[in-house]
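Engineer: Dropping a prediction and its sequence here:
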Amino acid sequence: MDLELRHLRIVRAVADAGSVSKAASLLGLAQPALTAQLKRIERVLGGALFERDRHGARPTRLGELVLARARVLLPAAQELQNEAVRFAHSPTPGFRIGATNGPILGGLVHRLAAERPVTTYTSWSSHELTAMAELGRLDYVLTDACGDSGLPTGTLLWETISLDPVFALVGETHPGAKEKELELADLADEQWAVTPADGCFTDCFAMACARAGFTPGTIYETDVATCGHLAQVGRAVVLCQATHQPAPGLVMVPFAGAPLRWRHLLGRHPSTPDGPWVVSQAKRAHAESVRRSPVYRDWLVRNPGFGTTTP
């Protein structure tokens, strides 16, 4: 006999009722039948699950172990059943999207939600999102990668949505704020701030600085709001995506020669039926974010080959 969820329900019922007789009454079974079933369960699990006397039934150490697992597995199985029923009776399945920090998610959700319901999950970790999609918990993953890295490996299908330069974000009183472009070497004495990310960006930044002839100073890894504050008070230069919309008091300035490049990627589970259409919507969402950035639009005129990828 293999252990089944109904066996775990019996163990839980005996523990909750405190006796086999009370559990039998709650389950609508005869006591001898429940006692025989409990003995078969104990044989499968290798030992007694309860100590039974005239005072009732108390879990043994093995019983406590089984109960602890049962109290996790039974609600999870019920949740799975409920979710499957809801999904089966839903007239149109929705889109489940996971995303890291980037300019595409808002526009993509707006576009997709006009067709079907959308649920989102955000994380700093592209590894976490990729694992969730591979397990079937997400349909699509919007993430980023250093411009010189390859596509992620694994079971997902990946598309490059855009190739963008990384710009500098500085306070409006910074000496470089009025420049059309900055050489990376011009900022050799600065401290830096960046939002968290998986992958090789830190190494790519260090290599770009080495090619420019210096070693970067302190690098603050923090959230978007804190990065902006550090730039406003002159504590750090922020490395930002070219589609970033600067807050008041901040200025975005390109680096000459685009020494740092950033790609937006869309991964999808192979079973998703609308993949090509969703990819096209993601590219349109990125193109919209480019149009909202006058600094990036002006830079693209002088630097073809970047921006939203073409089919």
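Structural biologist: Looks like it arrived, so ask away. These figures come from a predicted structure and were not determined experimentally.

Engineer: name the helices or strands packed onto the helix or strand bottoming out on mean pLDDT in the chain?
Structural biologist: Lowest mean confidence among the helices and strands of the chain (mean pLDDT, DSSP states H and E): helix 61-89, at a mean of 83. Counting contacts by 3 or more CB pairs under 8 Å, 6 or more residues apart in numbering; DSSP states H and E, helix 61-89 is packed against helix 5-17. C-betas here are computed from N, CA, C, even on glycine.

Engineer: Now the least confident helix or strand of the chain: buried residues?
Structural biologist: 63, 66-67, 70 (16 or more other CB atoms under 10 Å).

Engineer: Quickly list the domain ranges of this structure.
Structural biologist: 5-89, 93-311 (automatic domain parsing).

Engineer: for the record, mean pLDDT for the last one?
Structural biologist: Yep, that's domain 93-311 we're talking about. For domain 93-311, mean pLDDT is 91.

Engineer: what distance separates that domain from the middle of the whole chain?
Structural biologist: 15 Å (CA atoms, centre = their mean, to the nearest Å).

Engineer: which residues in the stretch 101-250 of the chain form strands?
Structural biologist: With strands called from DSSP state E, counting those that start in this stretch, the stretch 101-250 of the chain shows them at 118-122, 140-146, 157-171, 192-194, 219-221, 237-241, 250-253.

Engineer: What pairs with the longest one, parallel or antiparallel?
Structural biologist: So the one you mean is strand 157-171. Here strand 157-171 is paired, per DSSP bridges, with strand 237-241 (antiparallel), strand 250-253 (antiparallel), strand 261-268 (antiparallel), strand 307-308 (antiparallel).

Engineer: same question, the fifth one
Structural biologist: The strands beside strand 219-221 in its sheet (DSSP bridges) come out as strand 192-194 (parallel).

Engineer: my guess is L163 meets L265, correct?
Structural biologist: No: the pair L163 / L265 is not scored as a contact, 10.5 Å apart, by CB atoms under 8 Å.

Engineer: quick one, which of those two is more surrounded?
Structural biologist: Of the pair L163 and L265, L265 is the one with more neighbours under other CB atoms under 10 Å, namely 21 against 16.

Engineer: what's near enough to touch the more buried one?
Structural biologist: 141-145, 151-152, 158-161 (CB atoms under 8 Å, 6 or more residues apart in numbering).

Engineer: Among those residues, the buried ones, what's the ChimeraX command?
Structural biologist: Selecting only the buried entries of the contacts of L265 in ChimeraX, with 16+ other CB under 10 Å as the criterion:
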select :141,142,143,144,145,152,158,159,161
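
Engineer: Sort out which one of the contacts of L265 lies nearest E79 for me.
Structural biologist: Closest approach to E79 among those (CB to CB): V141, at 23.2 Å.

Engineer: Roughly how far does the most far-flung residue of the chain relative to its centre sit from S21?
Structural biologist: Most distant from the centre of the chain: R54, at 53.7 Å, with distances by CA atoms, centre = their mean. Going from R54 to S21 by CB to CB, to the nearest Å gives 11 Å.

Engineer: out of the buried residues of helix 61-89, who's nearest L29?
Structural biologist: Nearest to L29, judged by CB to CB, of these is A70 at 18.0 Å.
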